[in-house]
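Asks: Output the structure for:
(chains A and B)
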Amino acid sequence: QKEVEQDPGPLSVPEGAIVSLNCTYSNSAFQYFMWYRQYSRKGPELLMYTYSSGNKEDGRFTAQVDKSSKYISLFIRDSQPSDSATYLCAMIRGSTLGRLYFGRGTQLTVWP
Amino acid sequence: DAGVTQSPTHLIKTRGQQVTLRCSPKSGHDTVSWYQQALGQGPQFIFQYYEEEERQRGNFPDRFSGHQFPNYSSELNVNALLLGDSALYLCASSLGGRSTEAFFGQGTRLTVV
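Replies: Alright, predicted model coming up:
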């Protein structure tokens, strides 16, 4: 069993839809949770990170962490075609100095 | 302000050969981490360099080695290439090793034939 599980999709939604992306994890030692966006043939770009449980909002993006369920989510409101990319969740154990553990990514297409 | 730069962007090597990939961190960053991303998979941590030393290492064989120079740039070396080493190799830089603030380069696409 992988430490971080993420449904690879693909996920296809119309422009303006609310998108929900999710990851589960098995190791309760994870403390920091990140979401990255990766366009085709590019490196991952950090969207948001949260520490421990709770919600964090940044514009159209909201990240949620539920440590009791070992479940994290990223919501994208008013999705745009430019949001079409692969979304990767990543986590760190313990301190911020740890290595990143990634999910396999969810491929999202937003069609006009 | 230049971000993380990696070279070359693409590379084709023959099985058994050796390869060196290069990374220049974002200005002001002193830590470099390397990741391997196979097609359709998430990045897998190879190792991290800070103060010219390997500080952390993932589950990769000794064929994978690295180096960090005094200017914080880094090299990833892979010996005795296998077909399974074909992947996108990503470099991430940060300040003081803080992975919550890691910036990634665009990667080097390595194809082993």
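Asks: what are the phi and psi angles of A:Pro10?
Replies: A:Pro10 adopts backbone torsions of phi -80, psi 160, taken as degrees, to the nearest 10.
Asks: Pretty sure it sits against A:Trp111.
Replies: No - the pair A:Pro10 and A:Trp111 fails to qualify as a contact (CB atoms under 8 Å) at a distance of 11.7 Å. All C-beta spots, glycine's among them, are computed from the backbone N, C-alpha and C.
Asks: Go ahead and confirm A:Ala90 touches A:Met34.
Replies: Yes - contact status for A:Ala90 versus A:Met34: in contact at 4.3 Å, counting by CB under 8 Å.
Asks: Which residues are in contact with each of these two?
Replies: Contact criterion CB atoms under 8 Å, 6 or more residues apart in numbering or on different chains; residues shared by A:Ala90 and A:Met34: A:Leu100.
Asks: For the spatially most central residue of chain B, which residues are in contact?
Replies: Central residue of chain B (CA atoms, centre = their mean): B:Trp34, 3.3 Å from the mean position. Contacts for B:Trp34 (CB under 8 Å, 6+ apart) come out as B:Cys23, B:Phe45, B:Ile46, B:Phe47, B:Gln48, B:Gly66, B:Ser74, B:Leu76, B:Tyr89, B:Leu90, B:Cys91, B:Ala92.
Asks: Intersect those with the contacts of chain A.
Replies: Among these, the residues within reach of chain A (CB under 8 Å from any CB of the partner chain) are B:Phe45, B:Gln48, B:Leu90, B:Ala92.
Asks: Columns distance to A:Pro14, secondary structure and pLDDT on top of those residues, output as a markdown table?
Replies: Shown next, in a markdown table, are the ones next to chain A among the contacts of B:Trp34 (distance: CB to CB, whole Å; DSSP: H, G, I helix; E, B strand; the rest coil; pLDDT from 0 to 100):
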| residue | distance to A:Pro14 | secondary structure | pLDDT |
| --- | --- | --- | --- |
| B:Phe45 | 36 | strand | 97 |
| B:Gln48 | 41 | strand | 95 |
| B:Leu90 | 32 | strand | 98 |
| B:Ala92 | 34 | strand | 97 |
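Asks: Local confidence estimate at the nearest residue to A:Asn22 once chain neighbours are set aside?
Replies: Excluding the flanking residues, the one nearest A:Asn22 by CB to CB, 6 or more residues apart in numbering or on different chains is A:Ser73, at 5.0 Å. pLDDT recorded at A:Ser73 is 97.
Asks: Report the buried members of the ones next to chain A among the contacts of B:Trp34.
Replies: B:Phe45, B:Gln48, B:Leu90, B:Ala92 (16 or more other CB atoms under 10 Å in any protein chain shown).
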